[in-house]
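here is my input; please provide its structure:
(one chain, ligands or ions: 1)
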Amino acid sequence: MDHLEHTDVVVIGLGPGGEYAAGTLAEAGLHVTGIESRLVGGECPYYGCIPSKMMIRAANLIAETKRVPGMAGTSTVTPDWSPVALRIREEATDYWNDKVAADRFTGKGGHLVRGHGKITGPGQVTVDTEDGARVFQARRGIVINCGTDPAIPPLPGLADTPYWTNREIVQAEQVPESLIVLGGGAIGAELAQVFARFGAAVTVVEALPRLLSFEEPEASELIQRIFTAEGIRVCTMAPAERVSHNGARFTVHLGDGVITAERLLVATGRRVDLASLGVAEVGLDPKARTIPTDGWMRAADGVWAIGDVTGKGAFTHMSMYQADIAVRDILGQGGEFADYRAVPRVTFTDPEIGSVGLTEEQARAAGLRVRTGVIQVPYSARGWIHKAGNDGFIKVIEDAERSVLVGASSVGPYGGEVLSALQVAVRAEVPLATLRNMPYAYPTFHRAIEDALKKLDGATGFGPS
Ligand SMILES: Cc1cc2nc3c(=O)[nH]c(=O)nc-3n(C[C@H](O)[C@H](O)[C@H](O)COP(=O)(O)OP(=O)(O)OC[C@H]3O[C@@H](n4cnc5c(N)ncnc54)[C@H](O)[C@@H]3O)c2cc1C
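Residues are numbered from 1 along each chain as shown. This is a model prediction of the structure:
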């Protein structure tokens with residue numbers, strides 16, 4: 001077929017991992033065709049991690065100011081969303097323009113093609129571009145980094161309303177007077193707290209019995225208590241039944257009542273449409289929710305998959321981690337293959353909820369002989385000093401057979417940072433004896449890890465240490 005354009009590697013989707021993989025392979029001298037239907041860089045910089053974390057930084061400043069009384073004098077704060085909206089436009093997303101990222105990729109020698117890519121045969125990808133279809137034939141293979149889209153539940157009425165997803169809420173120029181957040185997972189919880197701290201009357205609606213249901217129950221209980229104290233209404237076990245909008249306000253019908261608000265954020269998970277990617281052409285299931293991969297991120301002969309679509313954790317760090325493995329495999333460099341025993345995740349609420357490895361329930365379900373140790377941050381020396389805003393805990397999960405940690409949660413101020421020590425412990429299977437036989441800097445938040453380890457033996461009360 002003479003209309004074929006030959007290339008070494010086609011990368012479908014330039015999210016964080018795809019952009020990294022495509023750029024690195026191009027720098028290594030391969031002819032790389034990167035295909036992107038939206039913005040080079042993907043969800044994280046334009047609609048996800050970065051704008052949401054800028055919002056959170058601003059919201060946390062407000063919360064800190066409110067902690068001044070009783071600690072450092074008096075304070076008044078008048079929240080103003082406009083610097084947040086402006087920062088997201090100017091610093092984070094360049095008004096949702098990906099020129100810098102696109103130039104970064106082409107500067108490395110990559111060939112950028114804008115449009116929707118679909119696999120149309122082994123090694124073959126057809127792209128619908130503005131100028132018509134282009135067909136690429138890859139000599140080495142295809143890397144799929146298609147990411148995910150917001151999942152919209154099939155609730156009667158919802159589709160006809162002007163609801164927000166993460167892609168609209170990050171573009172908000174004003175804080176609504178009231179906001180219903182459908183979904184109490186990480187994205188819903190983070191954004192609920194942001195908008196409440198900026199003055200919106202926020203209601204979180206969650207069908208499951210608790211917020212952040214993938215975390216330890218202690219974390220869910222704590223965040224629900226804090227949300228309630230901050231004036232956020234939390235409705236759990238409350239599956240939404242239908243939604244309507246009267247031109248000014250949303251109404252969400254729950255089993256036992258209705259709630260109304262100016263805005264509705266749908267944060268009920270993520271979805272992928274593998275059929276539209278043409279994966280059946282390479283023997284993959286188009287109806288699946290994820291693409292299974294081996295340790296080298298290989299999904300089929302000459303096909304690698306990385307990022308959210310692999311179902312190993314919808315995080316930017318996972319996309320980048322897997323991209324590095326796929327790149328090494330494509331370049332024949334070898335090295336370590338994928339290991340998912342110590343995947344860290346952080347929900348950037350205040351307090352931050354960091355966790356790694358197995359929860360207690362997962363460890364028990366895996367048949368391990370489990371011991372747990374929990375220490376409350378306010379009872380650690382640093383937590384006690386910190387005082388206002390010191391809620392949190394550290395929980396460690398031990399496989400008592402092997403005397404190593406298989407999971408941990410670090411909740412509290414800088415909980416995501418404290419997590420790193422626990423991640424190393426889980427990943428490297430550091431013997432408990434070693435973890436115990438070292439001094440932890442005083443008085444840091446991470447020093448509470450030592451106290452949590454002591455609790456594994458059922459010890460009680462060491463006082464502020
Ligand atoms: C509100 C929010 C907050 C988040 N916060 C964090 C956080 O704090 N930390 C964290 O680690 N993660 C966070 N995430 C998750 C993170 O954004 C994703 O895990 C990350 O973007 C990695 O995704 P990816 O590489 O799989 O692809 P994506 O970033 O989803 O990018 C995939 C790209 O592929 C393109 N594409 C898809 N199909 C095709 C096709 N057929 N042809 C051409 N192009 C295509 C898409 O347009 C997109 O640009 C957050 C997500 C959201 C929504």
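
near the ligand, which residues of the stretch 1-150 of the chain show up?
For the stretch 1-150 of the chain, the residues found near the ligand under the criterion Cβ under 6 Å from any ligand atom are 12-18, 35-39, 42-44, 47-49, 52-53, 116-117, 145-148. For the C-beta atoms, the positions are set from N, CA and C on the backbone; glycine is no exception.

please indicate which of those are buried?
In these, burial by neighbour count holds for 12-18, 35-39, 42-44, 47-49, 52, 116-117, 145-148, counting by 16 or more other Cβ atoms under 10 Å.

show me what contacts the one residue in the stretch 101-250 of the chain that gets nearest to the ligand?
Among the residues of the stretch 101-250 of the chain, residue 147 lies nearest to the ligand; the distance is 1.9 Å by Cβ to the nearest ligand atom. Contact partners of residue 147, counting by Cβ atoms under 8 Å, 6 or more residues apart in numbering, are 13, 15, 42-43, 272, 307-309, 319.

next, work out how far apart it and residue 252 are.
Distance, residue 147 to residue 252, by Cβ to Cβ, to the nearest Å: 28 Å.

so where's the stretch 351-465 of the chain uncertain?
Per-residue confidence of the stretch 351-465 of the chain (counting by pLDDT under 70) places the weak regions at 458-465.

SS state for residue 20?
helix (DSSP: H, G, I helix; E, B strand; the rest coil).

and the closest residue in space to it that isn't next to it in sequence, how many neighbours?
Take residue 20 and drop its neighbours on the chain: the residue closest to it by Cβ to Cβ, 6 or more residues apart in numbering is residue 323, 4.6 Å away. The local packing of residue 323 (other Cβ atoms under 10 Å) involves 28 other residues.

now do residue 322 against the ligand, distance only.
Taking Cβ to the nearest ligand atom, to the nearest Å as the criterion, residue 322 is separated from the ligand by 9 Å.

which stretches of the stretch 1-150 of the chain form strands?
In the stretch 1-150 of the chain, strands defined by DSSP state E, counting those that start in this stretch lie at 4-12, 32-36, 111-114, 116-121, 124-129, 132-144, 149-150, listed in chain order.

same question but for the stretch 201-350 of the chain, I mixed them up
Along the stretch 201-350 of the chain, counting by DSSP E, counting those that start in this stretch, strands occupy 201-205, 233-235, 240-245, 250-254, 257-261, 263-266, 270-271, 298-300, 303-305, 344-347.

surely the residue nearest to residue 20 and residue 18 touch.
Yes: under the criterion of Cβ atoms under 8 Å, residue 323 makes contact with residue 18 at 7.1 Å.

and for those two, which residues touch both?
The overlap between the contact sets of residue 323 and residue 18 (Cβ under 8 Å, 6+ apart) consists of 145, 306-307.

dump those residues to a markdown table, plus pLDDT.
Formatted as a markdown table, the entries for the shared contacts of residue 323 and residue 18 read as follows, by pLDDT from 0 to 100:
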| residue | pLDDT |
| --- | --- |
| 145 | 98 |
| 306 | 98 |
| 307 | 98 |
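
can you pull the contacts of whichever residue of the stretch 301-450 of the chain sits closest to the ligand?
Distance from the ligand to each residue of the stretch 301-450 of the chain (Cβ to the nearest ligand atom) is smallest for residue 307, at 2.3 Å. Neighbour list for residue 307: 13, 15-18, 145-147, 318-319, 322-323 [criterion: Cβ under 8 Å, 6+ apart].

same thing but 10 Å
13, 15-18, 21, 42-43, 143-148, 272, 291, 297, 313-316, 318-323 (Cβ atoms under 10 Å, 6 or more residues apart in numbering).

quick revisit: go through the strands of the stretch 1-150 of the chain and pick out the most buried.
Sort these by mean neighbour count, taking mean count of other Cβ atoms under 10 Å, and strand 32-36 sits at the top with a mean of 28.

against which helices or strands is that one packed?
Other helices and strands packing on strand 32-36, by 3 or more Cβ pairs under 10 Å, 6 or more residues apart in numbering; DSSP states H and E, are strand 4-12, helix 16-27, helix 99-107, strand 111-114, strand 116-121, strand 124-129, strand 132-144.

and that strand, how far from the chain's centre?
How far strand 32-36 lies from its chain's middle: 24 Å, per Cα atoms, centre = their mean, to the nearest Å.

now the helices and strands packed on strand 32-36 in TSV, with mean pLDDT?
Conversion of the helices and strands packed on strand 32-36 to TSV gives the following (pLDDT from 0 to 100):
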stretch	mean pLDDT
strand 4-12	98
helix 16-27	98
helix 99-107	98
strand 111-114	98
strand 116-121	98
strand 124-129	97
strand 132-144	98
